[in-house]
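S.K.: Okay, predicted coordinates and the sequence, questions at the end:
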Amino acid sequence: MAIRAAQVGEATKLTALCVRSKAHWGYDAEFMRRSAASLRVSSADIALGRMLVAVDGKDRALGVASVIADGTSADLDLFFIDPPFMGRGVGRALFKAAVQAAYMVDARTLTILADPNAAAFYERMGARFLRNAPSDAIPGRSLPLYEYDITFEAAP
């Protein structure tokens, strides 16, 4: 497995990965429809260098992450692992790469608005729960908000 920058022509395939990953948790069709915009990988974000992809030896996408920097903080905007590869180290490697990407743009914290099903993963990675916050996709839904402190160890 390797982590690389996403390529502009991959937006559709990476969006499909995000949808598969979200659907893995058993959300109904209406929830998935309402979440569609927040699961979309844009060619613009790829072109800006915000997207990381975990790939296997045949360059097949196993996971995707998006890091958006804002001063000394960065947001883990997207983070999805293809369901067949959950629990196999892909998420851990991709999270570490996302932290390094944030560190490289001088961020000192990484904020994560998490799906409740992913909360335990982020806690295992060392993120700390801050509070519940409004969903950026579905009005009236709240999600756990985490923060990860980026330290010198994150440097490549």
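M.R.: Noted; the coordinates are in hand. Numbers count the residues shown, from 1 in each chain.
S.K.: any idea which helix or strand carries the residue most central in space within the chain?
M.R.: In the chain, the centroid-proximal residue (CA atoms, centre = their mean) is residue 79; its distance is 1.5 Å. Per DSSP states H and E, residue 79 falls inside strand 73-81.
S.K.: Could you list the paired strands of that strand along with their orientation?
M.R.: strand 61-70 (antiparallel), strand 109-113 (parallel) (DSSP bridges).
S.K.: These: which one's closest to residue 97?
M.R.: strand 61-70 (7.1 Å; CB to CB). Where C-beta positions appear, they are placed from N, C-alpha and C, glycine not excepted.
S.K.: and that closest one, average pLDDT?
M.R.: For strand 61-70, the mean per-residue pLDDT is 95.
S.K.: Could you export that strand as PDB, CA atoms only?
M.R.: Below are the C-alpha coordinates for strand 61-70, written out as PDB (Å, rounded to 0.1, in the frame of the first residue of the first chain):
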ATOM      1  CA  ALA A  61      -8.000   3.300  -4.500                       C
ATOM      2  CA  LEU A  62      -8.400   1.800  -1.000                       C
ATOM      3  CA  GLY A  63      -9.200   5.100   0.800                       C
ATOM      4  CA  VAL A  64      -9.400   8.800   0.400                       C
ATOM      5  CA  ALA A  65      -8.700  11.800   2.700                       C
ATOM      6  CA  SER A  66      -9.000  15.600   2.200                       C
ATOM      7  CA  VAL A  67      -7.100  18.100   4.300                       C
ATOM      8  CA  ILE A  68      -8.100  21.800   4.100                       C
ATOM      9  CA  ALA A  69      -5.700  24.100   6.000                       C
ATOM     10  CA  ASP A  70      -6.800  27.400   7.600                       C
END
